[in-house]
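**Student:** Mind looking at a prediction? Sequence and model below.
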Amino acid sequence: MPGVLSDVLAWVVIVAFAAGTLLRGRNDRVGRIVTVAAWGGFALFWLQLVPHFAFVHKSYVEGILSIAAVPASLYTGLLLWRGRSSLFVLSRAVAAMGLIYLPFETIPAIMAFGISLPAPRGVLMEIVAAQTGMLVSAFGYEPAMIVGNQGYLNTFQFFDGNHELTVSVVLACTGLGSISIFAGLIAAVEAPLKRKLKAMAVAVPIIYGLNILRTTFITIAFGKQYMQWFVQEILFLFGSSDPYMVSFFISDRIISQLLAVVVLVGITYLVVRELPELLTVIEDVLYMITGDEYNLARELGFQRESV
């Protein structure tokens, strides 16, 4: 995320979602008001991220999704205010997602009892970088592993002639975001713990494994400049003047991000087979998009169970 203010806003919003969930157990109206306010804050959060994704990160997929999230969040809050109580499930899911993801994003390295404790994000990035490096080596490439500009051992160093090329594993490259989404959704629904654990056992290994393949693909494609296609067109599309970035833009911003959408849909189907209660969230999303009510459990032949 782009800065301290963004981190603070994220925590305020997630705490509001969690508070709305807790307060609803005592007073439905108060819990609803707080949760609706949280959705308004969530819209503001996504709005201030639009320039970061669109112009700094140069990601069309993330930029478009962040723009779409603004009216979607406001509409969700409106529907919740009007009485669509099923949206409390999605609200609980957002709270859980944030509580999983934000500590990695925002907690820095600290000193405790004279011992230096590394930042959670640094530990995770270095683990993913090390595993990516093993797979890169297995494919016959041997880039140097160096300390990146964030101070972590998470950067691969290649050379194209005398030109240095570096590619770093940052937090967005760890798969934590996708894992947080599914973990939050699974935690939010009412279902037996055994089936929730089975759903997690389906989602997490697939996401993590495919993410390592993704970081390996991007590292090799960029480091060896294997995708120098349509150079001028790609530079124009992403507003860049560095021809060495073309392979990165194609491998990461185009191929990987588009495939990620397809993969997440597939994983959602597998998880829903273990946890049909998640269909409530999907039905709410479809209602917000189309204005029509759906009973996906009946249409797909799944049976929703209560605790």
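**Tutor:** Thanks, I have it. Quick caveat, the model's predicted, so the values are computed rather than measured.

**Student:** Need the residues that contact stretch 264-278.
**Tutor:** For stretch 264-278, contacts defined as CB atoms under 8 Å, 6 or more residues apart in numbering pick out 178, 182, 185-186, 189-191, 195-196, 198-199, 202-203, 206-207, 279, 282, 297, 300, 302-305. For every residue, glycine as well, the C-beta is placed using N, CA and C.

**Student:** so where do the strands sit in the chain?
**Tutor:** Along the chain, counting by DSSP state E, strands occupy 110-112, 115-117, 144-146, 155-160, 163-168.

**Student:** Let's test this: mean pLDDT of the second one, rounded?
**Tutor:** When pLDDT is averaged along strand 115-117, the result is 76.

**Student:** what's the answer for the last one, then?
**Tutor:** Average pLDDT, strand 163-168: 97.

**Student:** With the fourth one instead?
**Tutor:** Averaging the model's pLDDT scores along strand 155-160 yields 97.

**Student:** Quick check: which ranges of the protein have low pLDDT?
**Tutor:** Low-confidence segments of the chain (pLDDT under 70): 1-3, 111-114, 303-307.

**Student:** If we use 80, what do you get?
**Tutor:** For the chain, the stretches with pLDDT under 80 are 1-5, 57-59, 61, 109-117, 300-307.

**Student:** Pull out the buried positions in stretch 291-303.
**Tutor:** 296-297, 302 (16 or more other CB atoms under 10 Å).

**Student:** Go ahead and flag the most central residue of this protein.
**Tutor:** Gly177 (2.8 Å; CA atoms, centre = their mean).

**Student:** From what I see, that one and Leu102 are in contact.
**Tutor:** No: the pair Gly177 / Leu102 is not scored as a contact, 11.2 Å apart, by CB atoms under 8 Å.

**Student:** one step back: generate JSON lines for the strands of the chain, with distance to Val262 and mean neighbour count as supplementary columns.
**Tutor:** Formatted as JSON lines, the strands of the chain follow (distance: least, CB to CB, whole Å; neighbours: other CB atoms under 10 Å):
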{"stretch": "strand 110-112", "distance to Val262": "39", "mean neighbour count": "8"}
{"stretch": "strand 115-117", "distance to Val262": "38", "mean neighbour count": "9"}
{"stretch": "strand 144-146", "distance to Val262": "31", "mean neighbour count": "13"}
{"stretch": "strand 155-160", "distance to Val262": "26", "mean neighbour count": "17"}
{"stretch": "strand 163-168", "distance to Val262": "23", "mean neighbour count": "16"}
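
**Student:** looking at it, Arg32 is touching Ala38, isn't it?
**Tutor:** No: the criterion here is CB under 8 Å, and Arg32 misses it with Ala38 at 10.6 Å.

**Student:** Please say which of these two ends up with more neighbours.
**Tutor:** Between Arg32 and Ala38, Ala38 has the larger neighbour count (other CB atoms under 10 Å), namely 27 against 21.

**Student:** for the more buried one, what are its contacts?
**Tutor:** 13, 16-17, 19-20, 77, 91, 94.

**Student:** Please report the distance of the residue nearest to it when sequence neighbours are not counted from Leu90.
**Tutor:** Excluding the flanking residues, the one nearest Ala38 by CB to CB, 6 or more residues apart in numbering is Ala16, at 3.7 Å. Separation of Ala16 from Leu90 (CB to CB, to the nearest Å): 14 Å.

**Student:** right, and Ile218 touches Val169 too?
**Tutor:** No: using CB under 8 Å, Ile218 is not in contact with Val169, being 9.5 Å away.
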